[in-house]
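Visitor: Build me a model from this:
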Amino acid sequence: MTGSCSITTKALYAETDRNMCCSTTPKTKAASPAIDSANEIIKQATGAGEDAAAAGAAPLKFEGKAEHVPDLTFIVEPRVTPDNYLESATDYHANCGMNPQQIHSIDHLVSLLAADNTPLKRIRVVGHASGEDLLVPLFGQTSNREDRHAFKANLNAFAMSDERGLMDIFSLMPGQHFHAWVMIDILKMIRDAKKENLLKPFGLHEKGIPKTDDLDRFMLYSCDYAFVNENYYKKNNAPLSANEKAAMLKAFAALIGIKAKAIKGTSFNGQPAVTDTDLTALSDYLKQLKATDLNLAKKDVLSYNMPGNALNPFLLAGRAADAIVAGFRAQLEKVRNRFSSNSYIDIRGCRAGSDTEYLSAIKDFFGQSASKPNVTAPIWYQAFAGTNSYYHPVDRAGIHTLLQNGPHAADIRKGFATWATMCHVEPEHKEIWMDAVDGSAVKFVLLEWRKKLRDLPVEAPALKPYLNMVFIDFINKSQDFFNIAPSDMPKAAVLTDINNYITGKLKNYAKDLLQPVDGATDQAKLNTIHTALKTINTELGNPVTPFPPAPIGFKAVIDVQNELIKYISDKKIAEIKPFMAALKNRLTDTNDPGLYYYMLFAGMPVFVFSNHEAINNHVVKVINNALVILDSFADAAYRTWVKLSWEEPLPSGNRFSTLHPTEFTSRRVMMMVREPDGGDSPVAVCPHKDYMDKITSV
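Guide: Numbers count the residues shown, from 1 in each chain. Have a look, this model is predicted:
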């Protein structure tokens with residue numbers, strides 16, 4: 001490269017220190033398919049009902065998608081204070097027990113990862129991003145906003161080699177130089193200066209030119225050092241600052257060192273193996289040459305065209321050189337050995353997944369040639385904002401008010417409906433309840449149907465005790481669980497009478513009344529059941545007349561069972577039927593669904609997902625996405641809710657055992673917004689499937 005030149009810098013993007021990581025740069029690239037399907041939450045049901053267990057029923061699966069718990073979590077050091085986004089991210093991940101470590105650059109991350117040899121399954125890196133790159137220095141620590149970039153081209157270059165990386169900072173390839181050096185002239189100049197002994201270890205003291213690229217570059221990088229030292233390299237046609245010049249000289253010293261390491265121990269033209277002393281002597285001589293020694297003229301000056309608000313390549317090159325001298329390459333290779341094709345690097349920063357080529361650059365940087373980690377990142381703007389809407393009604397009246405009154409009531413009801421489906425309260429639990437209230441009163445009051453209610457995928461601490469209650473307690477408690485009007489509740493005397501009948505007679509009858517029979521039932525068993533049913537019929541005053549004689553077929557047994565069940569339902573326990581009808585009405589009420597009370601009184605959290613939030617000045621004020629908990633279960637339900645955002649169990653060091661939902665910073669969620677500013681914006685909140693749909697992977 002000769003003469004004056006202008007080297008174009010990479011595009012830069014604004015960093016915003018708000019409660020979301022964001023850039024205002026528009027992107028149009030489509031997302032890759034959502035990341036690995038294993039992120040779908042599957043919570044194994046425990047202690048399911050006997051009927052369900054006997055049938056081999058699969059566990060209910062939470063219909064949401066969660067993030068995966070990383071082995072290690074890193075959060076980029078903030079450039080300014082306060083930085084709401086990074087502070088909220090730190091709070092959130094610390095609450096989750098992920099012990100986030102702060103990093104100031106990519107090479108700092110490499111050094112931390114190089115401290116161990118344990119294979120890594122997944123790491124998480126949280127920071128600002130622009131949609132084109134991560135807003136973190138590739139090397140070193142800087143508070144300069146413009147220097148906080150890890151560009152794709154630089155990552156790709158350093159993934160290959162330190163030499164390639166340093167040269168790429170100036171848009172050069174290894175072997176290119178700041179001047180069109182003529183090796184024959186340089187060698188002649190050395191010999192003419194009576195310094196041929198410097199060339200002797202390389203077999204060049206009398207004649208010849210370097211026979212290897214490494215030796216050629218070693219000598220010419222030393223000349224490049226002199227070129228910079230003589231102020232022939234400028235920025236915007238002005239001399240480099242003292243810091244910039246010092247950084248450039250460090251970069252070329254590092255390049256010289258890289259080539260020296262490759263040459264050391266080599267024998268040239270029968271000479272002894274080259275030593276560090278030989279290399280240092282030749283390089284030091286070339287580095288101190290003056291412009292006149294190198295035949296440089298004014299026309300040979302190069303000027304780097306660096307617009308304002310651009311990353312400073314001189315300072316980056318200097319920081320890179322420092323890292324290289326400190327062992328960066330060996331550390332990177334050690335880190336690469338910790339990752340495999342089954343590993344994941346989760347980048348969480350605004351629109352970091354918009355450019356999948358950038359994610360591929362991260363993959364190549366951290367990956368071995370034949371085994372590279374997967375890299376995931378969001379295509380929307382990332383946030384870890386807390387929900388301002390936390391509702392904790394204390395009783396049925398409070399739940400009713402929340403669901404029916406106020407400007408957000410309709411949206412809250414929609415949220416409850418979505419949550420009921422995600423948790424399988426709807427339709428699985430509802431269907432079993434409907435079958436019970438639509439069936440005979442006999443089967444209902446015996447309560448055996450409750451065993452069919454499979455454990456929900458979301459912890460509901462009060463549900464199992466409720467379903468195990470004895471008859472009177474169960475009926476009375478159902479008033480809360482379904483918000484049944486007092487006028488529809490059975491009187492105490494009625495419940496006592498029915499309970500006495502259940503315990504005194506009906507439980508004894510149940511074995512034969514409800515005994516399943518079919519064409520495969522042997523005649524001896526049919527005869528036994530026939531005898532028992534005849535006794536029951538007699539005790540009831542012979543409602544089945546004439547009673548069929550033995551031997552009896554299975555169809556006749558079924559007919560008798562049904563007649564006796566109907567008689568008991570209509571004559572002995574008929575006063576439970578109005579309650580069953582009222583319960584059915586609550587189950588089918590679409591305006592004020594009884595199942596919504598059921599979820600809260602079961603001790604479940606309910607997260608109301610909304611697809612929009614107001615965004616002002618890059619701050620998400622989370623109002624529409626709400627957390628609803630019955631006050632008496634506040635802490636337990638809150639802790640259940642937090643776990644649902646993560647596929648695996650949270651580390652034992654998580655803080656949720658000491659946190660409470662009343663604390664705003666405890667209510668942070670992983671969320672994304674489509675727009676960074678300007679009123680309502682579409683949003684997606686984890687663990688809703690929409691959130692993971694906005695995560696792309698390479």
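Visitor: rest of the way, CA atoms for contacts and neighbours
Guide: Will do.
Visitor: Look through the chain and tell me its longest helix.
Guide: The longest helix of the chain (DSSP state H) is helix 242-263.
Visitor: what's downstream of that helix, the next helix or strand?
Guide: helix 276-287 (DSSP states H and E).
Visitor: what angle separates that next one from helix 242-263?
Guide: Here helix 276-287 points in a direction 140 degrees away from that of helix 242-263 (axes from the mean of the first three to the mean of the last three C-alpha atoms, to 10 degrees).
Visitor: about what we covered before: restricting to C-alpha, output the longest helix of the chain in PDB.
Guide: Only the C-alpha atoms of helix 242-263 are listed here, as PDB (Å, rounded to 0.1, in the frame of the first residue of the first chain):
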ATOM      1  CA  ALA A 242       0.800  10.200  22.200                       C
ATOM      2  CA  ASN A 243      -1.500   7.400  23.500                       C
ATOM      3  CA  GLU A 244      -2.500   6.400  20.000                       C
ATOM      4  CA  LYS A 245       1.100   6.300  18.800                       C
ATOM      5  CA  ALA A 246       2.100   4.300  21.800                       C
ATOM      6  CA  ALA A 247      -0.700   1.800  21.200                       C
ATOM      7  CA  MET A 248       0.300   1.400  17.600                       C
ATOM      8  CA  LEU A 249       3.900   0.700  18.500                       C
ATOM      9  CA  LYS A 250       2.700  -1.900  21.000                       C
ATOM     10  CA  ALA A 251       0.600  -3.600  18.300                       C
ATOM     11  CA  PHE A 252       3.600  -3.800  15.900                       C
ATOM     12  CA  ALA A 253       5.800  -5.000  18.700                       C
ATOM     13  CA  ALA A 254       3.300  -7.800  19.300                       C
ATOM     14  CA  LEU A 255       3.300  -8.700  15.600                       C
ATOM     15  CA  ILE A 256       7.100  -8.700  15.600                       C
ATOM     16  CA  GLY A 257       6.900 -11.000  18.700                       C
ATOM     17  CA  ILE A 258       4.500 -13.300  17.000                       C
ATOM     18  CA  LYS A 259       6.800 -13.800  14.100                       C
ATOM     19  CA  ALA A 260       9.900 -14.000  16.300                       C
ATOM     20  CA  LYS A 261       8.200 -16.900  18.200                       C
ATOM     21  CA  ALA A 262       7.700 -18.700  14.800                       C
ATOM     22  CA  ILE A 263      11.300 -18.200  13.700                       C
END
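Visitor: So which bits of that helix are buried?
Guide: 244-260, 263 (16 or more other C-alpha atoms under 10 Å).
Visitor: One more: stretch 643-661?
Guide: Quick answer for stretch 643-661 (16+ other C-alpha under 10 Å): 643-648, 650, 654-656, 659-661.
Visitor: Restricted to helices, list these.
Guide: Of those, the ones assigned to helices by DSSP H are Lys643.
Visitor: Please identify which of the buried residues of stretch 643-661 is nearest to Lys621.
Guide: Lys621 has its nearest neighbour among these in Pro661, at 17.2 Å by C-alpha to C-alpha.
Visitor: where does that closest one sit relative to Pro687, distance-wise?
Guide: Here the criterion is C-alpha to C-alpha, to the nearest Å. By it, Pro661 lies 18 Å from Pro687.
Visitor: swap in Glu77?
Guide: Taken as C-alpha to C-alpha, the span from Glu77 to Pro687 is 27 Å.
Visitor: Where does the record place the domain boundaries for this structure?
Guide: By the assignment in automatic domain parsing, the chain contains the domains 16-170+310-383, 183-295, 389-423+458-466+592-667, 432-448+484-589.
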